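*Asks:* Return a 3D structure for these sequence lines:
(one chain, ligands or ions: 2)
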Amino acid sequence: MSMTVMRPAQGCCCHFNNAINNCFNLRYRRTLKTPSLAAEFPFVAVASPPTRLSLSLRRRPLTVASSSAATMSSSPSYDKELAAAKKAVSLASRLCQKVQKALLQSDVQSKSDKSPVTVADYGSQAVVSLVLQRELPADPFSLVAEEDSGDLRDDSAQDIRARITELVNDTLSTDESSSSTLSVEQVLKAIDCGVSEGGATGRHWVLDPIDGTKGFVRGDQYAIALGLLDGGKVVLGALACPNLPLTSIAEVGCIFFAKLGSGTYMQPLEGGPAVEVHVTATENPEEASFFESSHVLTTRNSSQKLGVKAPPVRIDSQAKYGALSRGDGAIYMRFPHKGYREKIWDHAAGCIVVTEAGGLVTDAAGKDLDFSKGRFLDLDTGIISTNAKLMPLLLKAVKESLKEGESCSSSM
Ligand SMILES: Nc1ncnc2c1ncn2[C@@H]1O[C@H](COP(=O)(O)O)[C@@H](OP(=O)(O)O)[C@H]1O
Ligand SMILES: [Mg+2]
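*Replies:* Ligands and ions are numbered 1, 2, ... in the order given. Model prediction:
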């Protein structure tokens, strides 16, 4: 099946860009609570006939492929791994959506009560671990992931263990290949598979079971991010963004997936045709909108030096990489406080999703991210991402800013 995706005009004025940014900020926030926001964005195109998708604000035609065509045109290796990864993050998303919905509907939930996010974090990790092992039984299994079951084994965590186990069993029962009901111990063991150190040799799955926990708790953006390292390189990624609008604000929930050398595709989380996506082709910094974390604030100086006029679009999690890969914005900058060590699960899936869509992801020195050094990224200050045309300008602006001493952003 072939379709046309509309991309935004490249020559729009800064004023328009500011409007876009403001709308993006709204569009990416609280999609779960206020799906009716669609009415507020008349320029956000809604896909009407099933054979034609319109990506909001885009004018450049793109190649679009159904998921089967996408698979056929890709390289033969890692096909089954990608299929397993997509299934794993999709099922984990279901678990997270269930917990988030209950969390947001609960009037009595105290803001300081971390248990819903804890339950979803562990549950998501267990589901991904179990699905990967079940789908790829012949492969040695190594998982580098954020959580371990240490705290859950405490006597006081009995209820939470039971709740996680129930959620994992409920979620897996929605998949036809699931058979037996798992015990608490089996679920804890699945979580503990995530202790791998990764490294430069062999294959290692890299998982953030809920990236953007702050966004998750607020009802905003979060992601289930899964990548596969082979020989220290990210060779595939599946990035589920349950609250990210798809083609219109009314349709929420996307999965981005990419395999080395095969491009990046976006698909509705609930299933449907996959669309090949590309980063924006804009060359003009004045037209560029940029993303930053909701709580790791980027240096203003760099964007000002670059000539970016639009205010930053703040969203949580690697949903930023997904949005960048489909050209929603042009730049992502991340400058954590001095001494902060970036973890590989916060960037592995997002990185390949952007690079396969034609973008670049580097540290502040312009070096590719190195995922071969274990659980942490070994990098120069910060992470920046944009298209190939803007990257030299962005690197120059960042270097000048760093030289002037504005090396660190504030963390909220
Ligand atoms: N002060 C800080 N500086 C940099 N990164 C931080 C941070 N505090 C938390 N993080 C990381 O940033 C991730 C969220 O990314 P973002 O800021 O883009 O939403 C968090 O992932 P989790 O939410 O999985 O813990 C966490 O790993
Ligand atoms: Mg994270």
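
*Asks:* CA atoms for contacts and neighbours, from now on please.
*Replies:* Noted.

*Asks:* Enumerate every residue touching the residue nearest to residue 178 when sequence neighbours are not counted.
*Replies:* In space, and not counting its chain neighbours, residue 178 is closest to residue 172: 6.0 Å by Cα to Cα, 6 or more residues apart in numbering. Each residue near residue 172 by Cα atoms under 8 Å, 6 or more residues apart in numbering is listed here: 91, 127, 178.

*Asks:* Output stretch 375-393 as CSV, restricted to C-alpha atoms.
*Replies:* C-alpha atoms of stretch 375-393 as CSV (Å, rounded to 0.1, in the frame of the first residue of the first chain):
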residue,chain,number,x,y,z
ARG,A,375,25.3,0.8,31.5
PHE,A,376,26.5,4.5,31.1
LEU,A,377,27.3,6.6,28.1
ASP,A,378,30.8,7.9,28.1
LEU,A,379,30.4,11.3,26.5
ASP,A,380,31.5,14.9,26.4
THR,A,381,29.1,17.4,27.8
GLY,A,382,25.5,17.0,26.7
ILE,A,383,23.6,15.4,23.8
ILE,A,384,22.5,17.2,20.7
SER,A,385,20.4,16.0,17.8
THR,A,386,19.3,17.6,14.5
ASN,A,387,19.6,17.1,10.8
ALA,A,388,22.9,17.0,8.9
LYS,A,389,22.5,20.5,7.5
LEU,A,390,21.9,22.2,10.9
MET,A,391,24.4,20.1,12.8
PRO,A,392,27.6,22.1,12.0
LEU,A,393,25.9,25.3,13.0
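
*Asks:* If you count neighbours, what's buried in that stretch?
*Replies:* In terms of neighbour count (16 or more other Cα atoms under 10 Å), stretch 375-393 has its buried residues at 375-379, 381-388, 390-391, 393.

*Asks:* Which residues does it contact?
*Replies:* Under the contact criterion Cα under 8 Å, 6+ apart, stretch 375-393 has outside partners 144, 197-199, 279-285, 306, 324, 330-336, 341-345, 358-365, 369-371, 407.

*Asks:* Residue 310: which of the contacts of residue 172 is nearest?
*Replies:* residue 91 (36.7 Å; Cα to Cα).

*Asks:* Nearest the middle, which residue of the protein would you pick?
*Replies:* With distances taken as Cα atoms, centre = their mean, the residue of the chain nearest its centroid is residue 318 (3.2 Å).

*Asks:* Now that residue: closest residue in space, sequence neighbours ignored.
*Replies:* Closest to residue 318 by Cα to Cα, 6+ apart is residue 350, at 5.8 Å.

*Asks:* Show me the contacts of residue 172 that map onto strands.
*Replies:* Per DSSP state E, strands hold no members of those.

*Asks:* Reformat these as JSON lines; add distance to ligand 1.
*Replies:* Below are these laid out as JSON lines (distance: Cα to the nearest ligand atom, whole Å):
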{"residue": "91", "distance to ligand 1": "18"}
{"residue": "127", "distance to ligand 1": "16"}
{"residue": "178", "distance to ligand 1": "27"}
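
*Asks:* partners of the strand or helix carrying residue 225 in the sheet?
*Replies:* Per DSSP states H and E: residue 225 is located in strand 223-230. Strand 223-230 has the following strand partners under DSSP bridges: strand 203-211 (antiparallel), strand 233-245 (antiparallel).

*Asks:* tell me the mean pLDDT over the following helix or strand past the longest one?
*Replies:* So the one you mean is strand 233-245. Once strand 233-245 ends, the next helix or strand along the chain (criterion: DSSP H and E) is strand 252-259. For strand 252-259, mean pLDDT rounds to 97.

*Asks:* so strand 252-259 versus strand 223-230, what angle?
*Replies:* In terms of direction (axes from the mean of the first three to the mean of the last three Cα atoms, to 10 degrees), strand 252-259 departs from strand 223-230 by 10 degrees.

*Asks:* which helices and strands does the helix or strand just after strand 252-259 pack with?
*Replies:* Note on strand 252-259: by DSSP H and E, the next helix or strand toward the C-terminus is strand 264-268. If you count contacts as 3 or more Cα pairs under 8 Å, 6 or more residues apart in numbering; DSSP states H and E, strand 264-268 packs onto strand 252-259, strand 275-277.

*Asks:* Let me see the ranges of the helices in the protein.
*Replies:* For the chain, the helices defined by DSSP state H occupy 14-27, 67-73, 79-105, 115-135, 158-173, 184-192, 213-218, 300-306, 319-325, 348-355, 391-403.

*Asks:* do you know which of those helices lies nearest ligand 2?
*Replies:* Comparison of the helices of the chain against ligand 2 by Cα to the ion identifies helix 213-218 as nearest, at 7.4 Å.

*Asks:* from the chain's centre, how far out does the closest one sit?
*Replies:* 14 Å (Cα atoms, centre = their mean, to the nearest Å).

*Asks:* Kindly report the same for stretch 147-166.
*Replies:* Chain-centre distance of stretch 147-166: 26 Å, with Cα atoms, centre = their mean.

*Asks:* same deal with stretch 84-99?
*Replies:* Remark: stretch 84-99 is offset 13 Å from the chain centroid, using Cα atoms, centre = their mean.

*Asks:* Quickly note the distance from the residue nearest to residue 178 to residue 229.
*Replies:* Using Cα to Cα, to the nearest Å, residue 172 is found at 25 Å from residue 229.
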